[in-house]
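Trainee: Provided below are the primary sequence and the corresponding predicted coordinates.
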Amino acid sequence: MKEILGVGDEPQTQRRWFHDEFFDLFVWQTREGEVTLFQLCYGMDSSERALVWSKHGGLFHDGAEPGTPGFEEFIGSKLRPGDPLSADPVGARFEETAASLPPDIRDIVTEKILEYSAKRWAVPSRRKRFRRAAWQRRPPGSVSEPGSSEKSA
């Protein structure tokens, strides 16, 4: 994944954006580096989904409800208790691309994916479609390159 630079910060929080052709990972960290929120977006356009974790709000998934057509393409849907992340097609794809992420970010996102997969039927879906904030939107016509200011993570 490449880090998109120049993302505006909030007063007490640093926002970071990591991107590849399938994933967008948005991370909020305190000035001390603690991850307090992340949104792992995956898929493209109308099939985009997001696993969201907040230190104070827990886990939820934006996208179709479990049991709906296409749910098998959700992150963690193929995992059983004790399985490694690589046992899930979307999880394996994340694991491969996450090798370039900072270790603290990679570790917490991986931990929360595994937590989500263990209790996905109990994790609520807030919306049937993920909606990006204005600062998270890709420029029109841009599929894999959301900005010109990138560096490898």
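Mentor: Perfect, thanks for sending it.
Trainee: quick one: low-confidence parts of this protein?
Mentor: 44-47, 64-74, 120-153 (pLDDT under 70).
Trainee: strands of that one, residue ranges please.
Mentor: Using DSSP state E, the strands of the chain run over residues 2-4, 13-19, 23-30, 35-42, 49-54, 58-62, 150-152.
Trainee: so which of those comes closest to I108?
Mentor: Nearest of those to I108, taken as Cβ to Cβ: strand 35-42 at 5.0 Å. C-beta coordinates here come from the backbone N, C-alpha and C atoms, glycine included.
Trainee: buried stuff in that closest one?
Mentor: Buried residues in strand 35-42, counted by 16 or more other Cβ atoms under 10 Å: 35, 37-42.
Trainee: what is the longest helix of the protein by residue count?
Mentor: Assignment by DSSP state H gives helix 103-118 as the longest helix of the chain.
Trainee: how big is the angle separating it from strand 49-54?
Mentor: Angle, helix 103-118 to strand 49-54, by axes from the mean of the first three to the mean of the last three Cα atoms, to 10 degrees: 110 degrees.
Trainee: returning to what we had before: so which of the strands of the chain comes closest to P103?
Mentor: Of those, nearest to P103 by Cβ to Cβ is strand 35-42, at 11.6 Å.
Trainee: which strands or helices does the closest one pack on?
Mentor: Contact partners of strand 35-42 among helices and strands, from 3 or more Cβ pairs under 8 Å, 6 or more residues apart in numbering; DSSP states H and E: strand 23-30, strand 49-54, helix 89-97, helix 103-118.
Trainee: surely G43 and R49 touch.
Mentor: Yes. If you go by Cβ atoms under 8 Å, G43 and R49 touch, sitting 5.4 Å apart.
Trainee: quick one, which of those two is more surrounded?
Mentor: R49 (22 against 18; other Cβ atoms under 10 Å).
Trainee: could you find the closest non-adjacent residue to the more buried one?
Mentor: Distance criterion Cβ to Cβ, 6 or more residues apart in numbering; nearest residue to R49, sequence neighbours excluded, is G63 at 3.5 Å.
Trainee: quick check: the one you found touching A50?
Mentor: Yes. When contacts are counted by Cβ under 8 Å, G63 is listed as touching A50 (7.0 Å).
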